[in-house]
Each structure stands twice: as structure tokens, then as C-alpha cells.
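> got a sequence here, can you build the structure:
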Amino acid sequence: MKIAIVSGKDEGPSKLNAFDNALTDAGIGDVNLIKVSSMLAGNAEINKLPKLKAGSMVNCVLSEVTSDNPGDEITAVIAVAIGEELGCVVETTGINEDPNELIEEAEMMVNYMMDKRGVKIKGDLIVESSTATVREIASVVASVVYLKDELIE
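I've put the predicted structure just below:
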């Protein structure tokens with residue numbers, strides 16, 4: 001199994017446009033995202049996000065938050081743990097919460113998921129996050145994107 005881990009942030013004239021712009025900033029704005037639960041195959045391989053075919057149906061774990069309250073600090077976090085047998089992904093978000101505390105929370109949750117399954121983590125946890133201070137309407141995203149050869153341009 002191949003995956004990419006991405007994040008993005010942006011503003012827009014509406015919540016929908018801000019979200020779409022954040023997806024585009026992350027490199028996944030031109031595909032149809034299908035949210036899946038947070039499991040990976042064992043020894044999943046992390047890759048740089050390739051150019052995906054526009055309109056493709058792409059599985060992902062998506063963390064996202066949008067706000068139209070100027071001054072809000074918004075954060076989206078994804079944490080990934082990979083073992084020999086399987087891997088786990090955790091997503092969390094926050095508004096006006098310390099981004100470092102959200103990262104720590106995500107790390108704790110993904111460690112717990114792996115421990116509960118009796119799976120030893122290979123290497124380090126991988127954490128991706130995006131934080132923005134809202135000017136008018138903003139969105140942040142972090143995502144694990146499941147890659148298949150037929151999706152790549």
C-alpha cells in the first residue's frame with residue numbers, strides 16, 4: 001500500500017470556497033475524496049504526492065476545520081503509525097487550541113490504537129498539521145491519501 005501525507009490552508013469568500021482552496025493548496029483539490037476509516041496495510045509506503053488525474057475517486061483520511069470568525073486560530077492534524085502487520089491514522093482538529101497540544105493528542109491516540117492492537121510501531125510517528133489564523137473565512141486540512149497507480153497522471 002502506498003500513501004501520501006499532505007496538508008493545506010487557505011481563505012475564500014465562503015466556507016465551501018475556503019475548504020476547496022485548502023484542498024487545492026494540499027494538492028488534492030481536483031479529485032473526488034472518499035473518506036475512509038483510519039487503517040493502513042502493514043508496512044505502508046509513504047510517498048510524495050504525485051499529480052493525480054482530475055476527477056479521480058481517491059480514498060483518504062481527512063482532518064479539516066473551517067471558520068468564519070476573524071482571529072480564530074484553526075488547526076488540522078493527522079498522525080500516522082506504521083507497523084509490520086498494519087498501520088493506524090488519527091485525525092483531530094481544534095479552534096483556538098494550542099497546535100502543539102493537538103499534535104500531542106493525536107500522537108497519544110495513534111500510539112494507543114497501535115498498542116491496543118498489539119502492533120509495534122516501526123520507526124517514528126509521522127505527523128502532518130496545518131494551522132491558520134482566520135482573516136475572514138479560512139480552512140485547514142491534513143490528509144492521508146491512498147495512492148493507486150491508476151489514479152496517477
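> drop to CA atoms for contacts and neighbour counts, all remaining ones
Will do.
> check which element follows the host helix or strand of V58 along the chain.
According to DSSP states H and E, V58 maps onto strand 57-67. As assigned by DSSP H and E, the chain's next helix or strand after strand 57-67 is strand 73-82.
> that next one pairs with which strands?
strand 86-95 (antiparallel), strand 126-133 (antiparallel) (DSSP bridges).
> the ones you listed into CSV, with extra columns for mean neighbour count and distance to A106?
Output for the strands paired with strand 73-82, formatted as CSV (neighbours: other CA atoms under 10 Å; distance: least, CA to CA, whole Å):
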stretch, mean neighbour count, distance to A106
strand 86-95, 23, 6
strand 126-133, 21, 8
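> is it possible to get JSON lines of these that adds mean pLDDT?
Below are the strands paired with strand 73-82 laid out as JSON lines (pLDDT from 0 to 100):
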{"stretch": "strand 86-95", "mean pLDDT": "98"}
{"stretch": "strand 126-133", "mean pLDDT": "98"}
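> which one of those lies closest to P50?
Of all the strands paired with strand 73-82, strand 126-133 sits nearest to P50, with 17.3 Å by CA to CA.
> since that was my last question, I'll sign off now.
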